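*Asks:* need the 3D shape of this:
(2 chains)
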2 protein chains.
Amino acid sequence: GSHWRTDVQGRVRSGHSSTQSSHRLLAYSDALISIIATVMILPVAHTKIQDNESLQQHLTTKIAVYLMTFLIVTVAWAAHIRLFQVIERIDDCLALLNLACMMLITFLPYTFSLMAAFPENILGILLFCSCVVVIGLIQALIVLYGFSRPHLLNDQIQGSQNQTFYKHHILKVILRVPAFCFFAGVFAFIYPPLSYVLLAVVIFFPYISQFLQWCYSKAFGQSEETSDPMLFYSYHPNEPLSKERVEAFSDGVYAIVATLLILDICEDNVPDPMEVQQRFNSSLVDALQEFGPEYLAYFGSFATVGLLWFVHHSLFLHVTKSTRLMGLLNTFSLAFVGGLPLAYQLTHEFPRHSHNELEAIQISCVIIFFAGLFQLAIWVAALFNQRETLHPYVHYGGQDHTFMLAKLAVYPCVALGTFFVTCVLSRFSAPVFHLAQIGVPLAFLLLRLLVRAALAVLRWFFRPSHPAAPFSDVLT
Amino acid sequence: GSHWRTDVQGRVRSGHSSTQSSHRLLAYSDALISIIATVMILPVAHTKIQDNESLQQHLTTKIAVYLMTFLIVTVAWAAHIRLFQVIERIDDCLALLNLACMMLITFLPYTFSLMAAFPENILGILLFCSCVVVIGLIQALIVLYGFSRPHLLNDQIQGSQNQTFYKHHILKVILRVPAFCFFAGVFAFIYPPLSYVLLAVVIFFPYISQFLQWCYSKAFGQSEETSDPMLFYSYHPNEPLSKERVEAFSDGVYAIVATLLILDICEDNVPDPMEVQQRFNSSLVDALQEFGPEYLAYFGSFATVGLLWFVHHSLFLHVTKSTRLMGLLNTFSLAFVGGLPLAYQLTHEFPRHSHNELEAIQISCVIIFFAGLFQLAIWVAALFNQRETLHPYVHYGGQDHTFMLAKLAVYPCVALGTFFVTCVLSRFSAPVFHLAQIGVPLAFLLLRLLVRAALAVLRWFFRPSHPAAPFSDVLT
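*Replies:* Numbering: from 1, shown residues only, chains lettered A, B, ... in the order given. Now for the predicted structure:
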């Protein structure tokens, strides 16, 4: 008897022995969510297309599914960030509830596939809505559990006098999306198109509401800060996202995209021993030469994804806070990055000089262009608010400002250039594209030299007329 | 002219503006390497087997390839950890060199597939060896670059008087494996089996050498610490691994394994609209019922992987330092975890009550058993050296010791139990297995209660004879 009591007391006295830092749980969740967001590109990339068929027709639906999945999964991810900004420490029970939540999130892409394959059947949308409702209920349970053990909560809420108010506010925010989805599910029985509209609203709601608020504040000169003073620790959807989790999520997407093609290569491009014997006189080298374009596509895709990661990494080294707009632009950039395996799959699938080959290469250029352009847009968005979002040394005119701009400009410029060259010299589209792929890593290695040379030339050029050139304030 | 000079001076004066923390680069590398290590289970899992064929014959080679890839990739990963324990800060050039290194590491699984498909052809082994040699050369380049810019190095080396000695020592360690592989490549021309033996030596060399050293120190009573005093910051292969990177790598493996099955489901289990119309009278629900076992397999596999992650997470919360032996046991555990998608793929592939179904379920039990057992072994290995490796409150007899042990014991016990029950009640193997899957998450939720109840029963049972029960010192 006495042992039991001391055991319990020891446990209670030591504070909360079962309380844990949530860091690794969040990293694992980020990894899971980023994989799931990117995965729906596989059914698109694996679509078999005959050379005499048109590319666009076959791919449009599947690409739409991919983009919808990507966006809705990032919405779930943003909700997850917000939830664990309130609950900063976890225990075993919360870890298990979070895993249950993750399991349902990873099931969402499948419900989207069903919706796309059977748009007139309501089963897909019902499955989706019930998943979202259950996820919402689990998250509400997590919040209730957290408030019943206040040592798990954010310090600010823990110290507040009015925890019940916070609890109700947070529950309201969390249950808003599931409530939307519940109604979407009900409307599916009555008039299915309406429920699709409701789902689209769910995805873009936070951004629309922020945009409207921004317009409102610009029109009436009201500061955005003057929200309810109770909500100083504001659990409202316009909070900036945690920079660490944006990085972890992006890393996951870049990593899975970089490796998607080697998955295919390991499975499909090991020749059959029988075939090697019969068709190639047992010469393995001859047999592998058939797969040459696949290897080139792999190395090209890995290099492109790796370098886009590198640019993203350089950019976020300079970022101190990620605003909502930057998060949205990052999501768009990542959605295009996720399209790269598709692009590279396409580039090696068609016979040389066919119309489809040219089209595939141009699609690749467009995807790379937008992936790079949205990265550049993150930078521009950060510059608009540079005191809050950037380290001082990269402020406009700062020491590394030009160099960062050059890094961000490489991919959009190269992609645009390659696109126009392939339009003009359509016969040489494949060699031009491969040349660009090999040239870009070299450009990055020599970028510092190239930028300095370009600046020197610019200065020499503008010296007589502009004594105070835009980069003269590099000393500050 | 003057702008140029001030620009350069500003850059130099501010220390090293291009120097960056290596944290995110390492996290990204961990994600890439863990995906690549796990990926070779896909060709195994996707092997199509007829019901009248034997499972083992078809899978043995492919499983061997998977295990070899997993082990060799973890060797490359351990070398990567060691390298970036020397080079603690990076700049753009190092980031790009590291990406080139990663590209070659992700190509290794393909060379293994070639070796397995054409064991008598030396092309596979030559490709593998040249990849390893090039990786080694890039890593040597990274070391040389680091030593040419000492501010990038580990503080201890930076402060040392004898950097050249360190440089040569580290280069020697780094180039050892590539040298081995170079000779393996040369021997492949003369006598191929010898080169396979050399490769096996490469994988197990660090462990063999540590084991021999341990035997030596036990036999002659010499302390292991008395290595060269120059190497106080010892870049020798027996250094413990960085705990953060072991966690990041494990997270990557668990995340990709948990999501591998949903990839397959999204691609293969969306029924064809035509087929639904013809075979199922346009009833999507009927069509999806065909895939019932797949969904069950998905949720079962996700729950198992998620809970094994949960156990791993709980275990590493208590660990302060990961020794080499713990790292090896963790690798073995992860290799079995990587086998789970195969196991679950198998469980739903065969008709009910067939011999293959029973065998598949038993293979699943064995895989889960070993994955859990090696986790338990990490814990036992940590206990042997508990002052260095564990937080004080989980030392033997400590406050959370029993609870941790119970967490680690759940999966081995359940797997073993299920295995024996399926042996006896082979007709009910599938229901028993699914029941176990549903029961385990509940067991984890209620584990604290169960452990307390069990302890209370044990104490009541042993009270008269053992006044000082093994758990009486929970107060300390």
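*Asks:* and A:K321, its phi and psi?
*Replies:* For A:K321, the backbone dihedrals are phi -150, psi 140 (criterion: degrees, to the nearest 10).
*Asks:* hmm, it is touching A:E244, no?
*Replies:* No - contact status for A:K321 versus A:E244: not in contact, 11.4 Å apart, counting by Cβ atoms under 8 Å. Glycine gets a C-beta too; all of them are placed from N, C-alpha and C.
*Asks:* burial measure for A:A219, as a count.
*Replies:* 8 (other Cβ atoms under 10 Å in any protein chain shown).
*Asks:* can I assume it sits in a helix?
*Replies:* Yes - counting by DSSP: H, G, I helix; E, B strand; the rest coil, A:A219 is located in a helix.
*Asks:* spit out the contact partners of it.
*Replies:* For A:A219, no residue meets the contact criterion (Cβ atoms under 8 Å, 6 or more residues apart in numbering or on different chains).
*Asks:* with A:L104 instead?
*Replies:* Going by Cβ under 8 Å, 6+ apart, A:L104 touches A:131, A:134-135, A:138.
*Asks:* same thing but at 10 Å, please
*Replies:* Contacts were defined as Cβ atoms under 10 Å, 6 or more residues apart in numbering or on different chains; by that measure A:L104 touches A:76, A:130-136, A:138, B:299, B:302.
*Asks:* of the residues you listed, buried ones?
*Replies:* A:76, A:130-133, A:135-136, A:138, B:299, B:302 (16 or more other Cβ atoms under 10 Å in any protein chain shown).
*Asks:* compare A:K321 and A:E244 (neighbour count), which wins?
*Replies:* Under the criterion of other Cβ under 10 Å, the comparison of A:K321 against A:E244 puts A:E244 first, with 17 against 14.
*Asks:* quick one: is the helix or strand where A:H80 lies near chain B?
*Replies:* Using DSSP states H and E, A:H80 maps to helix A:55-86. Yes - Helix A:55-86 reaches chain B (Cβ under 10 Å from any Cβ of the partner chain) through A:65, A:69.
*Asks:* I'd like the next helix or strand past that helix.
*Replies:* strand A:89-90.
*Asks:* and the strands in chain A, which stretches?
*Replies:* A:20-21, A:89-90 (DSSP state E).
*Asks:* to chain B, which of these lies closest?
*Replies:* Nearest to chain B among the strands of chain A is strand A:20-21; the distance by Cβ to the nearest Cβ comes to 5.6 Å.
*Asks:* low pLDDT regions in the stretch 101-250 of chain A?
*Replies:* For the stretch 101-250 of chain A, residues meeting the criterion pLDDT under 70 lie at A:206, A:221-240.
*Asks:* give me every residue in it lying close to chain B.
*Replies:* Counting by Cβ under 10 Å from any Cβ, the stretch 101-250 of chain A sits next to chain B at A:102-104, A:106-114, A:116-124, A:127, A:244, A:247-248, A:250.
*Asks:* narrow the residues you listed to those in helices?
*Replies:* The members of those that map onto helices under DSSP state H are A:102-104, A:106-114, A:116-117, A:123-124, A:127, A:244, A:247-248, A:250.
*Asks:* what about the helices in the stretch 251-400 of chain A?
*Replies:* Ranges of helices in the stretch 251-400 of chain A, per DSSP state H, counting those that start in this stretch, are A:273-279, A:284-289, A:292-318, A:324-338, A:340-347, A:355-384, A:386-389.
*Asks:* quick check: which of those helices is buried the most?
*Replies:* Counting by mean count of other Cβ atoms under 10 Å in any protein chain shown, helix A:340-347 has the highest mean neighbour count of the helices of the stretch 251-400 of chain A, with a mean of 25.
*Asks:* ok so, going back, which one of the buried ones among the contacts of A:L104 is nearest B:L25?
*Replies:* A:A76 (27.8 Å; Cβ to Cβ).
*Asks:* so that closest one touches A:F128, yeah?
*Replies:* No - A:A76 is beyond contact range of A:F128, at 11.6 Å (criterion: Cβ atoms under 10 Å).
*Asks:* which residues are common contacts for those two?
*Replies:* With Cβ under 10 Å, 6+ apart as the test, A:A76 and A:F128 both reach A:L108.
*Asks:* which non-adjacent residue is nearest A:P392?
*Replies:* Closest residue to A:P392 apart from its sequence neighbours, by Cβ to Cβ, 6 or more residues apart in numbering or on different chains: A:G398 at 6.8 Å.
*Asks:* quick check: phi and psi on that neighbour?
*Replies:* Note on A:G398: its backbone torsions stand at phi -70, psi 180 [degrees, to the nearest 10].
*Asks:* that one: neighbour count?
*Replies:* So A:G398, with other Cβ under 10 Å, has 21 neighbours.
*Asks:* and stretch A:63-74, which residues are buried?
*Replies:* Neighbour count says stretch A:63-74 has A:63, A:65-74 buried, by 16+ other Cβ under 10 Å.
*Asks:* where is pLDDT lowest across those residues?
*Replies:* By pLDDT, A:V65 ranks lowest within these, coming in at 76.
*Asks:* what's near enough to touch that residue?
*Replies:* Counting by Cβ under 10 Å, 6+ apart, A:V65 has contacts A:40-41, A:43-44, A:109, A:112-117, B:266, B:270.
*Asks:* kindly recompute the last result at 8 Å.
*Replies:* By Cβ under 8 Å, 6+ apart, the residues touching A:V65 are A:40, A:43-44, A:112-113, A:115-116.
*Asks:* quick check: pLDDT value at the closest residue to chain B within the stretch 301-450 of chain A.
*Replies:* Nearest to chain B in the stretch 301-450 of chain A, going by Cβ to the nearest Cβ, is A:G306, at a distance of 4.2 Å. With respect to pLDDT, A:G306 scores 91.
*Asks:* any idea how far it lies from A:F444?
*Replies:* A:G306 sits 10 Å away from A:F444, taking Cβ to Cβ, to the nearest Å as the criterion.
*Asks:* and what of A:I122?
*Replies:* Counting by Cβ to Cβ - A:I122 and A:F444 are separated by 50 Å.
*Asks:* compare those two (neighbour count), which wins?
*Replies:* Neighbour count, other Cβ under 10 Å: between A:I122 and A:F444, A:F444 has more, with 25 against 18.
*Asks:* pretty sure that one contacts B:L99?
*Replies:* No - A:F444 lies out of contact with B:L99 (Cβ under 8 Å); the separation is 9.6 Å.
*Asks:* find the residues that touch each one of those two.
*Replies:* A:307, A:310.
*Asks:* which residue packs closest to A:F180, ignoring adjacent ones?
*Replies:* In space, A:F180 is closest to A:V202, 5.0 Å off (Cβ to Cβ, 6+ apart).
*Asks:* what about that neighbour, distance to chain B?
*Replies:* Using Cβ to the nearest Cβ, to the nearest Å, we find A:V202 at a distance of 21 Å from chain B.
*Asks:* give me the number of residues near that residue?
*Replies:* Neighbour count of A:V202, defined by other Cβ under 10 Å: 19.
*Asks:* how close does it sit to A:S426?
*Replies:* To A:S426, A:V202 is 43 Å away according to Cβ to Cβ.
*Asks:* A:P273 now?
*Replies:* On the measure of Cβ to Cβ, A:P273 and A:S426 end up 40 Å apart.
*Asks:* do the same with A:L329
*Replies:* 33 Å.
*Asks:* A:M274 too?
*Replies:* For A:M274, the distance to A:S426 equals 39 Å [Cβ to Cβ].
*Asks:* what do you get for A:L449?
*Replies:* Taken as Cβ to Cβ, the span from A:L449 to A:S426 is 34 Å.
*Asks:* which one of the two is surrounded by more residues?
*Replies:* Taking other Cβ under 10 Å, A:L449 and A:S426 do not tie; A:S426 has more neighbours (15 against 9).
*Asks:* isn't the more buried one right up against A:H355?
*Replies:* No - using Cβ under 8 Å, A:S426 is not in contact with A:H355, being 9.1 Å away.
*Asks:* residue contacts, the closest residue to chain B within the stretch 201-350 of chain A?
*Replies:* Going by Cβ to the nearest Cβ, chain B is nearest to A:A255 of the stretch 201-350 of chain A, at 3.7 Å. By Cβ under 8 Å, 6+ apart, A:A255 lies in contact with B:28, B:31-32, B:35, B:252.
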